[in-house]
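Trainee: Next input, structure requested:
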Amino acid sequence: MPMNSDGFKDLTVKELQSMLQQGGFRLVDVRTDEEVARGKIPQGVSLPLHLLPMRLNELDKNAKTVFYCHIGGRSAQAAAFAASHGFADVYNLEGGIAAWVQAGLPIET
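Mentor: Have a look, this model is predicted:
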C-alpha cells in the first residue's frame with residue numbers, strides 16, 4: 001500500500017477485512033447520519049465529514065485510522081485532512097461501503 005501525495009494510503013475491501021481481524025485501529029464513517037442509518041460497516045464509528053474539522057481532536061493522532069464513505073470520495077478528503085493535521089497512519093477505503101456491500105460483506109443497521 002503506497003502512500004499517496006496526500007499523506008494517506010488507499011485500502012481495498014480485502015485489506016480492510018484482514019485489518020478488522022487483527023484489530024488495533026479506528027474505523028471512521030464520514031457519511032451523513034441519514035446514510036449511516038441505512039447501514040454501516042460493523043465496528044465503524046460515525047463522524048460526518050462536515051464535523052471532522054471540529055471533532056478531529058477526538059481521534060488519536062497516533063492510532064491507525066481508516067476512513068470510509070459511500071464510494072470513497074469524501075473519505076479521501078477526510079484522510080487527507082487528518083494526514084495534514086499530523087495523523088501518521090491514515091487510510092481510505094477504496095470504493096467505500098458500496099464496494100464492501102458489493103463484496104457481499106455484512107453491514108449493520
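Trainee: what's across from the residue nearest in space to the middle of the chain in the sheet?
Mentor: Central residue of the chain (Cα atoms, centre = their mean): residue 67, 1.3 Å from the mean position. Assessed by DSSP bridges, residue 67 has beta-bridge partners residue 28, residue 92.
Trainee: any idea how far it is from residue 104?
Mentor: The span separating residue 67 from residue 104 equals 22 Å under the rule Cβ to Cβ, to the nearest Å. To be clear about C-beta, it is placed using only N, CA and C from the backbone, and glycine gets the same treatment.
Trainee: now residue 96
Mentor: 15 Å.
Trainee: which stretches of this protein aren't confidently modelled?
Mentor: For the chain, applying pLDDT under 70 flags the ranges 1.
Trainee: hey, which helix is longest across it?
Mentor: Counting residues, the longest helix in the chain under DSSP state H turns out to be helix 73-84.
Trainee: Please identify the buried residues of it?
Mentor: 74, 75, 76, 77, 78, 79, 80, 81, 82, 83 (16 or more other Cβ atoms under 10 Å).
Trainee: just the CA coordinates of it, formatted as PDB?
Mentor: Extracted as PDB, the C-alpha positions of helix 73-84 are listed here (Å, rounded to 0.1, in the frame of the first residue of the first chain):
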ATOM      1  CA  GLY A  73     -14.500  10.500  -2.300                       C
ATOM      2  CA  ARG A  74     -15.400  12.100   1.000                       C
ATOM      3  CA  SER A  75     -13.300   9.600   2.900                       C
ATOM      4  CA  ALA A  76     -10.300  10.500   0.700                       C
ATOM      5  CA  GLN A  77     -10.900  14.200   1.700                       C
ATOM      6  CA  ALA A  78     -11.100  13.100   5.400                       C
ATOM      7  CA  ALA A  79      -8.000  11.100   5.200                       C
ATOM      8  CA  ALA A  80      -6.100  13.900   3.500                       C
ATOM      9  CA  PHE A  81      -7.400  16.400   6.100                       C
ATOM     10  CA  ALA A  82      -6.300  14.100   9.000                       C
ATOM     11  CA  ALA A  83      -2.900  13.500   7.400                       C
ATOM     12  CA  SER A  84      -2.400  17.300   7.000                       C
END
